[in-house]
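Asker: Whatever this is, show me its structure:
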Amino acid sequence: MSCIGIIPARYGSSRFPGKPLADLLGRPLIQWVYDGTRPSKKISSLFVATDDQRIAKAVKDFGGDYIMTSDEPKNGTERIIEALKTIRQTTNLDPEIVVNVQADEPMITGDDIDMAVQALATDSDASVATIAYRTDEKARYLDPNSVKVVLDSRSRALYFSRSPIPYGRKPGADILIHAGVYAYRVDALNAYASMPKTRLELSESLEQLRFLENGHIIAVALPDKQFISVDTKQDLDRLHDFIST
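Answerer: Predicted coordinates for the structure are as follows:
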């Protein structure tokens with residue numbers, strides 16, 4: 001199946017303004033994400049989708065491809081949908097699968113991308129696939145910036161939450177942290193564009209819940225690694241220390 005990657009990137013993060021351009025060991029954060037994604041064997045083309053000329057210039061400077069979008073999208077998925085329209089109008093690309101790599105995932109690799117795409121290809125009933133990782137760190141379990149996910153017996157998402165799930169009444173349950181990668185079937189993206197925002201999506205501020213609340217299946221792959229997502233300046237400092245050691 002034909003597949004492309006899009007990294008939605010906006011400048012105005014409420015917790016960390018200018019995050020995609022934040023310096024990490026001499027490279028902007030957006031370049032770490034781009035360079036990590038590019039080795040994927042599944043995606044044929046990779047773009048950054050942004051409404052900010054500063055981000056576009058940074059991508060151009062390191063040799064990446066970008067698509068300018070409006071400032072209307074309210075989340076990454078909506079920005080992906082707008083960027084895909086431009087890609088179809090200006091290139092000969094007409095993908096069946098679109099991979100969304102969030103711009104705050106500098107530890108992402110091509111292998112991680114390929115796991116998500118493979119999970120979608122393997123589960124014919126799934127509309128979307130994503131990745132998550134196991135952790136035993138209590139701080140991540142309790143941190144609302146770390147999105148937790150619980151799965152059914154077929155490795156499909158039951159629910160995503162900023163709250164600690166599953167509740168730890170007894171030991172032994174997996175604690176799974178969601179990482180910001182999605183592989184969508186294009187039909188699912190088209191459906192998402194016409195869905196109104198849902199109650200749980202608004203409550204949790206998690207765009208993927210719109211799919212679950214409308215009956216779509218999200219397959220989840222589990223790479224044997226952990227990620228440091230950059231939600232805050234403190235996360236960036238932690239990642240800097242991790243890479244430097």
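
Asker: Output the longest strand belonging to this protein.
Answerer: The residue-count maximum for a strand in the chain (DSSP state E) belongs to strand 176-185.

Asker: next SSE after that one?
Answerer: Counting by DSSP states H and E, the next helix or strand C-terminal to strand 176-185 is helix 186-194.

Asker: Can you check what angle separates that following helix from strand 176-185?
Answerer: 100 degrees (axes from the mean of the first three to the mean of the last three Cα atoms, to 10 degrees).

Asker: Report the distance from whatever helix or strand comes next after helix 186-194 to the chain centre.
Answerer: Downstream of helix 186-194, the first helix or strand assigned by DSSP H and E is helix 199-204. Between the centre of helix 199-204 and the centre of its chain there are 18 Å (Cα atoms, centre = their mean, to the nearest Å).

Asker: what does helix 199-204 contact?
Answerer: Outside helix 199-204, the residues that touch it by Cβ atoms under 8 Å, 6 or more residues apart in numbering are 160, 161, 162, 206, 207, 209, 210, 212, 213. (Each C-beta comes from the backbone N, C-alpha and C, glycine too.)

Asker: tally of neighbours for the second one?
Answerer: This means residue 161. Applying other Cβ atoms under 10 Å, we find 18 residues neighbouring residue 161.

Asker: Report the separation between residue 69 and residue 192.
Answerer: 16 Å (Cβ to Cβ, to the nearest Å).

Asker: burial count for the residue lying closest to residue 19 once chain neighbours are set aside?
Answerer: Excluding its sequence neighbours, the residue lying closest to residue 19 (Cβ to Cβ, 6 or more residues apart in numbering) is residue 13, at 4.8 Å. Using other Cβ under 10 Å, the number of residues around residue 13 comes to 17.

Asker: what's the distance between residue 13 and residue 129?
Answerer: 25 Å.

Asker: didn't residue 16 look like it was pressed against residue 103?
Answerer: No: applying Cβ atoms under 8 Å as the test, residue 16 and residue 103 come out as separate, 10.9 Å apart.

Asker: Neighbour count: those two, which is higher?
Answerer: Shown here are residue 16 and residue 103; by other Cβ under 10 Å, residue 103 has more neighbours (25 against 18).

Asker: The more buried one in helix, strand or coil?
Answerer: coil (DSSP: H, G, I helix; E, B strand; the rest coil).

Asker: and the gap between residue 57 and residue 1?
Answerer: 33 Å.

Asker: hmm, I was thinking of residue 31
Answerer: Relative to residue 1, and taking Cβ to Cβ, residue 31 is found at 28 Å.

Asker: Contact partners for residue 226?
Answerer: Residue 226 touches 133, 134, 135, 177, counting by Cβ under 8 Å, 6+ apart.

Asker: per-residue confidence at the third one?
Answerer: Reported pLDDT at residue 135 in the predicted model: 93.

Asker: List phi and psi for it.
Answerer: Residue 135 has phi and psi values of phi -150, psi 150 when expressed as degrees, to the nearest 10.

Asker: Then the second one?
Answerer: In terms of degrees, to the nearest 10, the main-chain angles of residue 134 are phi -80, psi 150.

Asker: Now do the same contact list for it.
Answerer: With Cβ under 8 Å, 6+ apart, residue 134 has these contacts: 174, 175, 176, 177, 222, 226.

Asker: buried subset of those?
Answerer: 175, 176, 177 (16 or more other Cβ atoms under 10 Å).

Asker: Report the secondary structure element holding the residue lying farthest from the centre of the chain.
Answerer: In the chain, the residue that sits farthest from the middle, by Cα atoms, centre = their mean, is residue 170; the gap is 30.8 Å. Per DSSP H and E: residue 170 is located in neither a helix nor a strand.
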